[in-house]
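A.B. asks: Compute the structure for the input listed below.
(one chain, ligands or ions: 2)
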Amino acid sequence: MNCQKRRTGLLIIVGCLKSTIFAQNSKKMTTNRTFTMLKPDAVENGHIGAILDKINAAGFKIVAMKYTQLSTRDAQAFYAVHSERPFYGELVEFMTRGPIVAAVLEKDNAVEDFRALIGATNPAEAADGTIRKMFATDVAENAVHGSDSDANAAIESAFHFSGREIF
Ligand code: RTP
Ligand code: MG
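C.D. replies: Numbering: from 1, shown residues only. Ligands and ions are numbered 1, 2, ... in the order given. Okay, here's the model as predicted:
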């Protein structure tokens, strides 16, 4: 290989390395995230530690977390999609009655896998071993929230956390 070819070959190798590193970085940037709240019933009943243990054991990384309480306006806005449902008033009252833990979780396929981990909305219908089966009281007070889509995960995370609070 003459000098020019060797230089070109080196540039190709450097280029390949850069695109590999960039691809790894961009994969990291787009790793799936979901948003969760440990609801007031879970906090009242002393289940924060046990639920976080299950979340960690299932392979989710906590990238943001805070202990906070929703105002009525917060809860109305967060669950606005349900504003026409008969349980909306009860839901807002429940979600504001005490502190919650809000968190952003990271894992491949986070939204779907987290919904599987928490189980059906109604704990009576939730599979054995799911968080709602283990810790929820009933369909209304069901221990934990999980985003239902990537788009809502992003919206809900931004509802609770600024960019500098997510790691
Ligand atoms: P979430 O949004 O909290 O993760 O729950 P989900 O997707 O499993 O259920 P969704 O249909 O979005 O309902 C939101 C929350 O409203 C309360 N609910 N109460 N009394 C009732 O019949 C009833 N149905 C729903 C629950 O707290 C539910 O998680
Ligand atoms: Mg929902």
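
A.B. asks: element containing the closest residue to E165 other than its chain neighbours, please.
C.D. replies: Distance criterion Cβ to Cβ, 6 or more residues apart in numbering; nearest residue to E165, sequence neighbours excluded, is A64 at 5.4 Å. C-betas here are computed from N, CA, C, even on glycine. When elements are assigned from DSSP states H and E, A64 belongs to strand 61-68.

A.B. asks: Return the set of buried residues in that strand.
C.D. replies: For strand 61-68, a neighbour-count test (16 or more other Cβ atoms under 10 Å) marks V63, A64, M65 as buried.

A.B. asks: contacts for the following helix or strand past it?
C.D. replies: Proceeding N to C from strand 61-68, the next assigned helix or strand is helix 72-78, under DSSP H and E. If you take Cβ atoms under 8 Å, 6 or more residues apart in numbering as the criterion, helix 72-78 is touched by L70, S83, L91, V92, M95, T96, E156, F159.

A.B. asks: check whether helix 72-78 contacts ligand 1.
C.D. replies: No - Helix 72-78 is not in contact with ligand 1 by Cβ under 6 Å from any ligand atom; minimum separation 9.0 Å.

A.B. asks: picking that back up, tell me the buried residues within the contacts of helix 72-78.
C.D. replies: Listed as buried from the contacts of helix 72-78 are L70, L91, V92, M95, T96, E156; burial here means 16+ other Cβ under 10 Å.
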